[in-house]
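Enquirer: Make a model of this:
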Amino acid sequence: MLKTDIWKTGLKKGIEILVLSLTLSATAQSEIVAGEKKVFLETPSGESLQIGSVVLSGEPNAMNIAFTIDDSKFSDQFLSMRPFKCIDGKPMVCRLEYSYPKKNQVSASDFADLEYDLLFITRSPTDYGIDPFNGRYYIITENNGKLIGEIRGVDLNILAAPPAEGDLRPITEADLDPLELENERFPVLRIE
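Expert: Below you'll find the model as predicted:
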């Protein structure tokens, strides 16, 4: 076999591997299926609490989202001069509704808009008011068609004032702190 034939054969094999790799990558990125999904918070022991649902629609690279909270799982609380929906217990977990503009879209590599729908603040039932410093943020990733959120601590005082115009992501990775998962009431968020 001539050197040019070996080179062509190697090139052909390389292209085949690249095409296969891109096909597998595209398949992996399109794991998110449109439709209505249930949203759960999970305890360290694996118990689940369904807190709502999210409807995904559109193309995999720009899916529209519509989150709906299940009010029956939350109590109405008036804390620090504003209403909150809270899951009673120790600690109490209260949802902070994100009230600034966002696109309401996700892709296989970007779930930030959905993460902003799932902001929480923890508090002791005996505390007076609520302290946004005790914020909880779930970083969501796709895993075999399921969306899994891992909890991080965040000072949600960053949202006390509107973000600069055009800043649709005021919470940055630098704002998120690791937590001891075994000490968290709901260390995992699951969407399926």
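
Enquirer: where are the low-confidence patches of the chain?
Expert: For the chain, the stretches with pLDDT under 70 are 1-31.

Enquirer: And the helices in it?
Expert: Assigned by DSSP state H, the chain shows helices spanning 3-29, 112-117.

Enquirer: Which stretches in the chain count as strands?
Expert: Along the chain, counting by DSSP state E, strands occupy 35-42, 48-59, 62-69, 75-79, 82-87, 92-96, 105-106, 119-123, 135-143, 146-154, 176-177, 188-191.

Enquirer: Name the residues of the third one that are buried.
Expert: By neighbour count, with 16 or more other Cβ atoms under 10 Å as the criterion, the buried positions of strand 62-69 are 63, 65, 67, 69. (Each C-beta comes from the backbone N, C-alpha and C, glycine too.)

Enquirer: Equivalent analysis for the fourth one, please.
Expert: By neighbour count on 16+ other Cβ under 10 Å, the buried set for strand 75-79 is 77, 79.

Enquirer: What strands line up against it, and which way round?
Expert: strand 82-87 (antiparallel) (DSSP bridges).

Enquirer: which outside residues touch the strand it pairs with?
Expert: For strand 82-87, contacts defined as Cβ atoms under 8 Å, 6 or more residues apart in numbering pick out 41, 49, 51, 69, 71, 73-79, 92-96, 121, 130.

Enquirer: before we move on, back to that, can you tell me which of the buried residues of strand 62-69 is nearest residue 184?
Expert: Closest approach between these and residue 184, by Cβ to Cβ: residue 69, at 20.1 Å.
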